[in-house]
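Undergrad: My questions are about this predicted structure, shown below with the sequence.
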Amino acid sequence: MLIFNEGQRPLLEFLRNLTPQVLLATTALLLWAHLDFKRIDLSNWPSTAAFFLCVGLLCLAVIANLNQFLDAILNNLGVYARFARRERTRGVHPRRAMLRTLKVMLRHRPTLLLDFLGTVAVVNIGLLTIAVAALNAAKAALR
């Protein structure tokens with residue numbers, strides 16, 4: 001996936017889909033702040049159900065967004081994924097197999113390796129953004 005070519009659409013979709021994730025995370029944090037999980041209290045079941053619903057939807061949204069974004073890069077990594085699987089079947093430790101795969105990728109297609117590392121950075125920055133934005137919004141709402 002080249003971020004400046006065919007990767008533009010998946011990147012923008014990934015970033016666009018962060019907003020509902022922040023909303024779900026903020027709502028879950030706001031509901032969680034008023035729940036007491038140390039005891040069972042059936043009188044508060046609507047808030048508890050809403051909390052678990054928000055957390056479940058947040059997990060599904062994060063997984064779906066990551067899968068959709070990573071599918072674009074995995075289309076270009078098929079050869080290297082097969083190489084890594086072959087290394088693993090030979091009994092190579094997973095870390096060593098990953099490092100060998102990255103070395104082969106660097107030797108044959110260095111721009112693809114840079115795209116892969118950039119994609120990993122974008123995904124982690126996106127997840128960090130969700131967490132920070134949700135915590136800040138919940139903190140501001142609880143004041």
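TA: In hand now; what should we look at?

Undergrad: Mind pulling up the pLDDT for the residue minimising distance to the centre of the chain?
TA: What sits nearest the mean C-alpha location of the chain, by C-alpha atoms, centre = their mean, is Leu66, with 4.6 Å. For Leu66, the model assigns a pLDDT of 81.

Undergrad: How about the contacts made by it?
TA: By C-beta atoms under 8 Å, 6 or more residues apart in numbering, the contact list for Leu66 reads Val123. From N, CA and C alone the C-beta is placed, and that goes for glycine too.

Undergrad: where does this protein dip in pLDDT?
TA: 1-6, 72-76 (pLDDT under 70).

Undergrad: rewinding a little: now the residue nearest to the centre of the chain: which helix or strand?
TA: Taking DSSP states H and E as the criterion, Leu66 maps to helix 45-74.

Undergrad: List the buried residues for that helix?
TA: For helix 45-74, burial by neighbour count (16 or more other C-beta atoms under 10 Å) applies to 48, 51, 54-55, 57-58, 61-62, 65, 69-70, 72-73.

Undergrad: for the residue lying farthest from the centre of the chain, phi and psi?
TA: Computed with C-alpha atoms, centre = their mean, the maximum C-alpha offset from the centroid of the chain is found at Ser43, amounting to 35.1 Å. Main-chain dihedrals, Ser43, degrees, to the nearest 10: phi -70, psi -20.

Undergrad: distance of it from Ala137?
TA: 28 Å (C-beta to C-beta, to the nearest Å).
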